[in-house]
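Engineer: Following is a predicted model, sequence given first.
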Amino acid sequence: MEKKLSEMKYGEKGIVKSINGKLRDQVAGMGIRVNKKIKITSKQPINGPVVVTIDESSISLGRGVAGNIVVEVEK
């Protein structure tokens with residue numbers, strides 16, 4: 001099942017399937033690319049940032065950025 005990164009729940013894992021074209025270069029510098037494994041490690045309340053783990057690094061993303069990344073969620 002595909003979800004936007006901002007819609008995933010704490011602890012969910014998946015593989016990045018697509019990134020909005022304008023953000024692709026910006027998040028690539030953080031290690032977020034299509035076909036990379038990603039895990040939600042924290043979600044702050046009231047539209048706060050989403051913290052993800054990718055390649056053993058933790059990265060904080062604003063909800064707007066996270067909403068432009070589509071992930072195939074593992075079952």
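Structural biologist: On my side now, so go ahead.
Engineer: mean confidence for the lengthiest helix in the chain?
Structural biologist: Longest helix in the chain by number of residues (criterion: DSSP state H): helix 21-28. The average pLDDT for helix 21-28 rounds to 88.
Engineer: Can you give the contact residues for stretch 47-57?
Structural biologist: Contacts to stretch 47-57, defined as CB atoms under 8 Å, 6 or more residues apart in numbering, come from residues 5-6, 8, 30-32, 36-44, 58-63, 66. For glycine as for every other residue, the C-beta is placed from the backbone atoms N, C-alpha and C.
Engineer: Mind giving me the packing neighbours of the element among helices and strands of the chain having the smallest mean pLDDT?
Structural biologist: The weakest-scoring helix or strand in the chain, judged by mean pLDDT, DSSP states H and E, is helix 21-28 (a mean of 88). Judged by 3 or more CB pairs under 8 Å, 6 or more residues apart in numbering; DSSP states H and E, the packing partners of helix 21-28 are helix 63-66.
Engineer: pLDDT weak spots in the protein?
Structural biologist: Within the chain, the set of residues satisfying pLDDT under 70 is empty.
Engineer: change it to 90
Structural biologist: Counting by pLDDT under 90, the chain has low-confidence residues at 21-22, 25-26, 29, 43-48, 75.
Engineer: Which parts of it are strands?
Structural biologist: 2-4, 13-19, 37-43, 50-54, 57-61, 69-73 (DSSP state E).
Engineer: before we move on, the earlier item: write a ChimeraX command that selects only the buried members of the contacts of stretch 47-57.
Structural biologist: In ChimeraX, a selection of the buried entries from these looks like this (16 or more other CB atoms under 10 Å):
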select :5,6,8,32,38,39,40,43,59,61,63,66
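Engineer: on that earlier part again, any chance of CSV for the strands of the chain, columns distance to residue 26?
Structural biologist: Formatted as CSV, the strands of the chain follow (distance: least, CB to CB, whole Å):
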stretch, distance to residue 26
strand 2-4, 17
strand 13-19, 9
strand 37-43, 16
strand 50-54, 14
strand 57-61, 10
strand 69-73, 11
